[in-house]
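Novice: I need the structure of the sequence given here:
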Amino acid sequence: MEKLGFFIQNIQGVLFIENFAFRNKLRIASRINDVVNNLFDGDPTMLDLPPDAPAEIPRIQLKDSKPIYSLNFSPTRIDFFYNEPGKPDKVLDSLKDDYLKYFFSIINLVKDEYRLSIPRIATIIKTVSEIEGGSNLLIYRSFLGEKPFFNNTYGLEVHALEKTAMNGYDVNRWFRIRTGRTPAGEDKILSVEIDINTLPEKPRDFNIEEIRDFYKKSITYARSSFSNCFGVSL
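Specialist: Have a look, this model is predicted:
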């Protein structure tokens, strides 16, 4: 397999919550920003929606001015993002400590002050690598057994779900592997996403210590999963 180097496009931490009533969005947004030391210095978005609006639509959206960090707060989930626009050049080790520091502050707030039940949690990491020998050819040779039907493809996707155990947590582990092309049309882009989430059929009320432990372990697990799949860690 060609030597790969994966750079981080996006990190997404998800807290699934029970239906949350937004009584004072401005106060909630301000309090979130307080606990992350005014990380979200961009203009906030607060939506006033009817009670029957879909619960997955964020009622509060916060971001920094770049934007690199952002947060979506809907009645049923909180999503905290790191996103590097353009051509990313950072590896996981250079990002994880700052990302977790901010995220853990948000987790402490929603558990200690808002007393939210969190029955499920997830980590999603999206990466990209440039493949000089061709991304479609790499996927074809590595995962498809060189069946002639898939030779000379313009684009390939491989999605794999494993239900497994991660250091005491029952999880779904999704790998989503996609080929892509440069702006010049060259077949050189390999995008890989790993999604580690606790099982919806086994909800539980995670406490702060369990949530912090899950995110630390999920990042380590993501790195070892990349190593097992591609021969290189994140």
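Novice: From E201, how far off is the residue lying closest to P200 once chain neighbours are set aside?
Specialist: In space, and not counting its chain neighbours, P200 is closest to R120: 6.2 Å by C-beta to C-beta, 6 or more residues apart in numbering. (Glycine included, C-beta is placed from N, CA and C.) Distance check for R120 against E201: by C-beta to C-beta, to the nearest Å, it reads 10 Å.
Novice: who has more neighbours, those two?
Specialist: Shown here are R120 and E201; by other C-beta atoms under 10 Å, R120 has more neighbours (17 against 7).
Novice: mind listing what the more buried one touches?
Specialist: Counting by C-beta atoms under 8 Å, 6 or more residues apart in numbering, R120 makes contact with V14, F16, N197, T198, L199, P200, P203.
Novice: 10 Å instead?
Specialist: Shown in contact with R120 (C-beta atoms under 10 Å, 6 or more residues apart in numbering): 14-17, 77, 197-200, 202-204, 206.
Novice: Which stretches in the protein count as strands?
Specialist: 7-16, 45-46, 60-63, 69-73, 77-83, 120-130, 157-166, 169-180, 189-198 (DSSP state E).
Novice: Now the buried members of the contacts of R120.
Specialist: Neighbour counting by 16 or more other C-beta atoms under 10 Å classes V14, L15, F16, I17, R77, N197, T198, F206 among the contacts of R120 as buried.
Novice: ok, what's across the strand from the fifth one?
Specialist: Under DSSP bridges, the beta-bridge partners of R77 are F16.
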